[in-house]
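Colleague: Fold the following for me, if possible:
(3 chains)
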Amino acid sequence: MNNARWSLPAICAVALIGASRPTTASNFAGTPVTSSAGNLTTCASTEVLVAAAADLRFAMDSLVAVFSRENPGITVKPTYGSSGNFFEQIKNGAPFDLFFSADVDYPRQLKTQNKTASDVHIYGTGQLVLWSKTLDPARDKMNTLLDKSVAKIAIANPAHAPYGKRAEESLHHYNLYNKVKDKLIFGENIAQTAQYAQSGAAEVGMIALSLALSPAMRQAGGKYWLVPSIAHQPLLQGFVLLPHSNGNAGAGKFAEFCESAVAKNILGAFGFGEGPDR
Amino acid sequence: MIDWLPLWLSLRLALVTTVILFVLGIPLSYWLAYSRRRWKVVAEACISLPMVLPPTVLGFYLLLAFSPDGSFGRVLDHYFDIRLVFTFQGLVVASLIYSLPFMVNPLLAGFKNLPPHLLEASRTLGKSDWTTLRRILLPNMRPSLITGAILAFAHTIGEFGVVMMIGGAIPGRTRVASVAIYDEVQSMNYHLANRYAAVLLIFSFSILLVVYLINHHFSQSKAVV
Amino acid sequence: MNAPPVHLSFRATKMLHTAQGRQLFDVAFNLPQGLLLAVCGPSGAGKTTLLRILAGLTDTDSGDIAMGGDVWLDHSRRISLPTRRRPLGFVFQDFALFPHLTVRGQLEFALPKNADRSIIDDLLRLMELEELQHRRPALLSGGQQQRIAIARAIARRPRLLLLDEPLSALDDEMRSKLQDYIARAHRHFHLTTILVSHYLPEIFSLSDEVIILEGGKISKQGAPASLFPKDKITGNLRLTGEIIDIAAAGGLSVIHVLAAGTTIHVVCPAGEAANRRVGQTVTVAYRDLNPVICE
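Modeller: Model prediction:
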């Protein structure tokens, strides 16, 4: 009786750990997986892990939905975050197959460090907007930030989020930085920044156009104004295949898809302008 | 529609961590309770360190330690084919360190609160320390054992900072419920975030309720008639 | 008459840190087989320390202990047999019964794996515990718990039985009954027994030999009758009080005197107590350790 008390937890421990060890097919061993498209997939399908910049949050969902319809055996799993964070994680061996960055500089750095499995592909230009639920930024443009009712201004963290860096540059360009720096609150990535603005935690946010065009932000009934591109460095967006994807046919297919005309249309609809020619 | 995967991941992480901590925690707290070595105090402080350390600090150092770029991580990767960053196993290791004091401290208190002569009486009856632990000490410490298991479990379910640092929020592997809630809030899917949070809340509350009922039952049956 | 063979030889020193400061425990004695030795003395004298050193529960600064030719402790050669390998039984002052086991369970636990189980029923009968064998200790009285503790200590047929103030928590009626049980067990199982007590009636009625400890050292040693002679009064302390009870214990009387806020138990032969009555005001003097009414 006493021995049984001890063997039971021990067996559970072994079983659970054993079950959690990924197989070489890099899938959940024996556990059914629900993809974001709602398909029930089994061990035999391919999984593609994508590290995507937070400004792609809604655009990528659409890309994945369209791709999955044509390729039911391939499950694409995006994880969203700030490009700078992903850059660090990937350098430290994070198991992603593709990296979509809001600043093409990051994938380029990875390439020079020989940590990529393909060339860097530019998929568009990001654009910075002022967004507010309570005020109309198109009226006062940058001076909206000086409005008396604005207590907090949300920008992405300039240390590792490309949109945050550009927001800072814009503020300096218009000589507003010193006047508003005490009101700045920093989102961990551009999506969180948008969420701060959408929830009213900040009266104004400097966010990505792609997010301002998203259903959630539209529903919130805010207004936005495009910050002129001369105010900051361009936000060239680029993606790259990573070494983890070697042997993963599905990753290659998805990469191809993202270069296709269909994908470019979707990205365009979400406000990602054309490539460097613009 | 609710995706049960993050909840299932959180549950598995907490279960695995709690079971392992239980097996490791008993000999460790036994040693702390009865050892007379001077440097025992250092060990106690080290074990309790995760309680006062900000989770992100712990996560950061674990990231450095386990990264395949670093020497330790490289050994793990090269010889054992084990990666501890951005994997479920890595979360387990991190949780073991992070939740250890929540298992050890109740157990230690349990050992210290035992009537002092139980251990000695058992020795005078010719029993080994292992037999004494198994048949005399632990059966008289049930509330502490339960408390330790529950605290470790609950603490692991709620883990966020460490997971964010070394987890990578990878769906199906490291995107546990706490991270999923954070994620859904960022996506402004508030009703989905609400659902995850509600499930976690109800689940955690039910566990606590069951545990307190069990504890209550034990203390009732011990009451002197 | 031939001296019985020496069965237990004990010699130990230890520096004790008591409430009164540092005290050197330095005791040596030999005990023949089958005898019952009483150890008495004021509190803090080292009586419990002696038992614990014998049991291996406390270590020493120096010492040798051997029983029946087996070395239990040889400090100079760094030999110390762990407690569980010494064939002894220990009855703790607080009984130390296992709360989660029934009476029968305590005895079953005490037995080694392949031992004959019939001794359990023997002991239950001897200690009159048969009806209680399936109860847990928490529900039992002090006297019952005491009997269980003794039975448990004897279950694995030790060669040496150690009892630490076994009767101090009991009332007088229980005490005399329990003295009976101890005596029975000692004879029935042919034990060598060491009993710590500061209660004279039981020392007189049970022991073959007495050691008086004071300040960690033996101040007197010998047969009970020789240690407590009745004529000399050297008492320095005199207290005045009132008799509140007179009780019989064996062939002796115990007179309870309330003096200076405490109850002093005075032992005397039954005849002497005949002309004392409850309520009488008396003066008590301490002679060595033996209080005697002198007025």
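Colleague: give me phi/psi at A:Leu135?
Modeller: For A:Leu135, the backbone dihedrals (degrees, to the nearest 10) come out as phi -110, psi 160.
Colleague: State the number of residues packed around the residue nearest to it when sequence neighbours are not counted.
Modeller: Once flanking residues are discounted, A:Leu135 sits nearest to A:Thr144: 5.6 Å by Cβ to Cβ, 6 or more residues apart in numbering or on different chains. Placement of C-beta: from N, CA and C, glycine included. When neighbours are defined as other Cβ atoms under 10 Å in any protein chain shown, A:Thr144 has 21 of them.
Colleague: Same question for C:Lys220.
Modeller: Neighbours of C:Lys220 under the rule other Cβ under 10 Å: 16.
Colleague: Are we agreed that it is in a helix?
Modeller: No. Counting by DSSP: H, G, I helix; E, B strand; the rest coil, C:Lys220 is located in no helix; its state is strand.
Colleague: Do a quick rundown of the helices in the stretch 151-278 of chain A.
Modeller: A:162-173, A:177-180, A:190-199, A:209-212, A:215-219, A:249-258, A:261-269 (DSSP state H, counting those that start in this stretch).
Colleague: Let me know which of those is the nearest to chain C.
Modeller: The closest of the helices of the stretch 151-278 of chain A to chain C is helix A:190-199. By Cβ to the nearest Cβ, the value is 53.5 Å.
Colleague: Residues touching the closest one, excluding its own?
Modeller: Residues from elsewhere that reach helix A:190-199, judged by Cβ atoms under 8 Å, 6 or more residues apart in numbering or on different chains: A:53-55, A:57, A:80, A:82, A:102, A:131-133, A:152, A:154-156, A:161, A:163-164, A:185-187, A:202-208, A:211-212, A:216-217, A:220, A:222, B:185-188.
Colleague: Could I get the CA-only coordinates of that helix as CSV?
Modeller: Once non-C-alpha atoms are left out, helix A:190-199 reads as follows in CSV (Å, rounded to 0.1, in the frame of the first residue of the first chain):
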residue,chain,number,x,y,z
ILE,A,190,3.1,47.6,-31.8
ALA,A,191,0.1,45.5,-31.2
GLN,A,192,0.1,46.2,-27.5
THR,A,193,0.6,49.8,-28.3
ALA,A,194,-2.6,49.7,-30.4
GLN,A,195,-4.4,48.0,-27.6
TYR,A,196,-3.4,50.8,-25.2
ALA,A,197,-4.9,53.3,-27.6
GLN,A,198,-8.0,51.2,-28.3
SER,A,199,-8.8,50.7,-24.7
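Colleague: okay, the helices of the stretch 151-278 of chain A in a markdown table with mean pLDDT next?
Modeller: Output for these, formatted as a markdown table (pLDDT from 0 to 100):
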| stretch | mean pLDDT |
| --- | --- |
| helix A:162-173 | 94 |
| helix A:177-180 | 94 |
| helix A:190-199 | 92 |
| helix A:209-212 | 92 |
| helix A:215-219 | 89 |
| helix A:249-258 | 93 |
| helix A:261-269 | 91 |
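Colleague: Could you dump those into a markdown table and include mean neighbour count?
Modeller: Compiled in a markdown table, the helices of the stretch 151-278 of chain A are given as follows (neighbours: other Cβ atoms under 10 Å in any protein chain shown):
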| stretch | mean neighbour count |
| --- | --- |
| helix A:162-173 | 23 |
| helix A:177-180 | 14 |
| helix A:190-199 | 27 |
| helix A:209-212 | 27 |
| helix A:215-219 | 14 |
| helix A:249-258 | 19 |
| helix A:261-269 | 15 |
